[in-house]
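Chemist: I'll drop the sequence and a predicted model, then ask my questions.
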Amino acid sequence: MELHAGEQLSENGGEATRGPQVADILRDRILEGKLTPGQRLVERTLASELGVSRIPVRDALNILRGEGFVTAFPNRGMLVTPMSRQDIEELFEVREALEVLAARRATENATPEELDQLAEALAHSEEAAARSDARAVGRCNQDFHDLLTASAHNTLLTSLMVPLEGRLHWLLRQNDDPALLHTEHVELLKAIRSGDPELAAQRALSHVCTSRKIWLELEARRGNEA
């Protein structure tokens, strides 16, 4: 797999700075489905492909392991974290609980600046969709959800989200109807701005349900194509 636009490694800094850069590249590939659940990640191969030594690749894999993107298996090495159907269903259940709480608390606690940041993420998503940049749309949607959690100002909620972020970000990319999800993000932000926590919670719950429905339909199509 060759390096693509936006994946070039910086010439500045030493190997200590390259680990996070390599992690960024591999994380994006996982989120975009270029590296699939269960796929083995071989240090030597990745180092050769990216033009670095094995040290930053090892550092990158450890970063991604901490985020839940990769898992170490005895006698198999590092693999992109496998996700069974049960894993996905459980993730949706957890996402539903946490995002509903985040929406409710964001309505009560978000600052004007944070609301503006949420609106900016939506504007960037719309711009990316207009130029058919699916990768940028995915990143903007991811930013929106991260900002939503931060604007809740609930330290425990944030700490609970950290070990799940990798899998949640992967899940956010598993849809083929970004226009619908963007519309729901807009409605969710309107509810948060309205100051009605229960309305925001309802919109957040509906949004997760839509995401689950899209994922189930996508899985059904994949099964028919197999």
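Modeler: In hand now; what should we look at?
Chemist: and the residue positioned nearest the centre of the chain, which of the three is it?
Modeler: For the chain, the residue nearest the mean C-alpha position is residue 169 (1.6 Å; Cα atoms, centre = their mean). On the three-state scheme (DSSP: H, G, I helix; E, B strand; the rest coil), residue 169 is labelled helix.
Chemist: what is whichever helix or strand residue 165 is part of packed up against?
Modeler: Applying DSSP states H and E as the criterion places residue 165 in helix 165-172. Using 3 or more Cβ pairs under 8 Å, 6 or more residues apart in numbering; DSSP states H and E as the contact definition, the elements that helix 165-172 packs against are helix 15-31, helix 54-67, helix 85-109, helix 134-151, helix 197-225. Every residue, glycine included, has its C-beta placed from N, CA and C.
Chemist: for it, C-alpha coordinates in CSV please.
Modeler: Below are the C-alpha coordinates for helix 165-172, written out as CSV (Å, rounded to 0.1, in the frame of the first residue of the first chain):
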residue,chain,number,x,y,z
GLU,A,165,-12.7,6.5,21.1
GLY,A,166,-10.9,4.4,18.6
ARG,A,167,-13.8,2.0,18.2
LEU,A,168,-16.3,4.8,18.3
HIS,A,169,-14.5,6.8,15.6
TRP,A,170,-14.3,3.6,13.4
LEU,A,171,-18.0,3.1,13.9
LEU,A,172,-18.7,6.7,12.9
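Chemist: that helix to helix 85-109, inter-axis angle?
Modeler: 100 degrees (axes from the mean of the first three to the mean of the last three Cα atoms, to 10 degrees).
Chemist: quick one on the thing from earlier: find the nearest non-adjacent residue to the residue nearest to the centre of the chain, please.
Modeler: In space, not counting the residues next to it along the chain, residue 169 is nearest to residue 142; the distance is 5.2 Å by Cβ to Cβ, 6 or more residues apart in numbering.
Chemist: the one you found: neighbouring residues, count only.
Modeler: 19 (other Cβ atoms under 10 Å).
Chemist: please apply the same query to residue 87.
Modeler: Residues contacting residue 87 under the criterion other Cβ under 10 Å number 13.
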